[in-house]
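*Asks:* Sequence plus predicted model, see below.
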Amino acid sequence: METLQDEMECSPVRYLSAGIIPQIFPFFAEGWKEKCLELKVIERQREIKTPEELMLLCLFHLINGCSLMEISEIGRLLKIGDFSDVAFMNKFAKCGDWFAWICQQFAHVIVAEHQKPKFLEKYRAIALDASHVVEKGRSGRIYKLHYAIDIFNLSTVSYTITTVKTGETLCNFSFQKDDLAIGDRAYGTLNGIEHCLKNSADFLLRLRTNWCKLYDHNGKEISIIAAFQHLKSEECGDLYAFACTKKKQMIPVRICARKKSDADYEKTLKKLKSHESKKQCKTTDETKEFNKYIVVVTSLPGNVTSSEVLEAYRYRWQIEIYFKRLKSILNIGDLPKKQEKSSLAWINGKMMVALLVEFFLSSHSSDTTVPSNTTVPSNTTVPSNTTVPSNTTVSSNTTVSSNTTVSSNTTVSSNTTHPSDIIQPLDSKKTSGVFGGR
């Protein structure tokens, strides 16, 4: 297929060079190749013989959007093997667990940290949300991606892929001590709160109108609307009460609320009217009154003021932005697959690419370490504040930025530009990569 070969040569934006993609491999966790063999993704080693070759083709498929026929031709052009599009499809379908394992390793990487307010210093603030992923074609199968990110590190905490039968609940995630789970109304349930408390985690969740019955310390029922009627526009307040579970257990909770401005309330009423028209239902007066406030339930202590609690809830928008990026840039909202295993492999692969993007963005925004035994290709700019370890080859026509440390036993080729403040050489100090032991 000569047309594809010409297109690969003339369109490097779409078709990543076969020399560029392997440079991503050193950033994978140690043992990623062994995991491929352990999961029996590659067994008989016929056309595609090694994990590196398979990952190369998978990234062409995931990043460049190459069709199965194109992947078959790319494999022939790169002299990987002569295999059919169906053969690659079957191989790709087996990669789902492999991609998921790589994602799990990336999920523990701490990336560039954003400014965290003092009242949240001890917490790992985790925003939670879910989004539908639709399969293209006649079947139109829909999956649900449940995702959790560390708001201030903008790094993945965990994710899971389910059918649409699985609802949005905190029970889909694992928590630990000093975690602060932040979720919208869908997550504001007693079951979710019990799940957090069981794992010694804290929570900050938006509440619906009829969340549950609340009681004071005397066992008298409390009305949330009545408790916050005294608030003025944009004023915040809190309420300590007990929530009764299905097992008749009393859980101490803190309710915080902020009264909306008149302009914001008018916008809310318009949304409620739109909902009435769409669902052909009537909004109750109680719901309209409740929507004058933004009401959340939390386990944060009293030394965190109610205004700070509601400020912390606003950070949840980070995950909305994150999903928008996943769907618009990585096209994760649509599935080009028809079989369930292939669809799950596609989603896990896209998540792997998303985490790679996160990792590279963070590593280039702060001090960077180039993995040892690596060749820095020609026509490349090594960013500032970068450590180039020993046994690394810096190719010709490469620009080395300022404040860059080059270790001993490093080969710097001719025509390499480097400033006068470069430190060369450094004692044979071993530097470790993000995962170590590469």
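*Replies:* Happy to help now that I have it.
*Asks:* Neighbours of residue 44, how many?
*Replies:* A count of nearby residues for residue 44, using other C-beta atoms under 10 Å, gives 7. Any C-beta I mention is one placed from the backbone N, CA and C, and that applies to glycine too.
*Asks:* now the one 3 residues further on
*Replies:* Residue crowding around residue 47 was assessed by other C-beta under 10 Å; the count is 17.
*Asks:* wait, is it part of a strand?
*Replies:* No. Applying DSSP: H, G, I helix; E, B strand; the rest coil, one finds residue 47 to be coil, outside a strand.
*Asks:* show me the contacts for it.
*Replies:* 75, 80-83, 87 (C-beta atoms under 8 Å, 6 or more residues apart in numbering).
*Asks:* Could you do residue 201 as well?
*Replies:* 175-181.
*Asks:* Which ChimeraX command selects the buried ones in the residues you listed?
*Replies:* Buried members of those, defined by 16 or more other C-beta atoms under 10 Å, are picked up in ChimeraX with:
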select :175,179,180,181
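*Asks:* any idea which of the contacts of residue 201 is closest to residue 25?
*Replies:* residue 176 (31.1 Å; C-beta to C-beta).
*Asks:* Which two of the contacts of residue 201 have the greatest separation?
*Replies:* 177 and 181 (12.4 Å).
*Asks:* Which members of the contacts of residue 47 are the farthest-apart pair?
*Replies:* 80 and 87 (11.8 Å).
*Asks:* ok so, going back, Serialize the contacts of residue 47 to a markdown table and add fields for distance to residue 142, pLDDT and neighbour count.
*Replies:* Formatted as a markdown table, those follow (distance: C-beta to C-beta, whole Å; pLDDT from 0 to 100; neighbours: other C-beta atoms under 10 Å):
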| residue | distance to residue 142 | pLDDT | neighbour count |
| --- | --- | --- | --- |
| 75 | 32 | 90 | 23 |
| 80 | 34 | 90 | 20 |
| 81 | 35 | 89 | 17 |
| 82 | 37 | 91 | 11 |
| 83 | 31 | 93 | 18 |
| 87 | 28 | 92 | 18 |
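*Asks:* Output those residues in TSV; the columns should cover secondary structure and distance to residue 238.
*Replies:* Formatted as TSV, those follow (DSSP: H, G, I helix; E, B strand; the rest coil; distance: C-beta to C-beta, whole Å):
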residue	secondary structure	distance to residue 238
75	helix	62
80	coil	62
81	coil	65
82	coil	69
83	coil	63
87	helix	62
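*Asks:* Closest to residue 218 out of those?
*Replies:* Among the contacts of residue 47, and counting by C-beta to C-beta, the member closest to residue 218 is residue 87, at 71.5 Å.
*Asks:* Quick check: closest non-adjacent residue to the closest one.
*Replies:* residue 47 (6.6 Å; C-beta to C-beta, 6 or more residues apart in numbering).
*Asks:* Return the member of the contacts of residue 201 nearest to residue 231.
*Replies:* Nearest member of these to residue 231, counting by C-beta to C-beta, is residue 180, at 24.6 Å.
*Asks:* what about that closest one, which SS state?
*Replies:* strand.
*Asks:* Across the sheet, point out what pairs with it.
*Replies:* residue 125, residue 202 (DSSP bridges).
*Asks:* got a list of what it touches?
*Replies:* If a contact means C-beta under 8 Å, 6+ apart, then residue 180 has 120, 123-126, 201-204, 300, 312 as its contacts.
*Asks:* can you redo the residues you listed as a markdown table with pLDDT?
*Replies:* Formatted as a markdown table, these follow (pLDDT from 0 to 100):
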| residue | pLDDT |
| --- | --- |
| 120 | 93 |
| 123 | 94 |
| 124 | 92 |
| 125 | 92 |
| 126 | 93 |
| 201 | 96 |
| 202 | 97 |
| 203 | 97 |
| 204 | 97 |
| 300 | 95 |
| 312 | 92 |
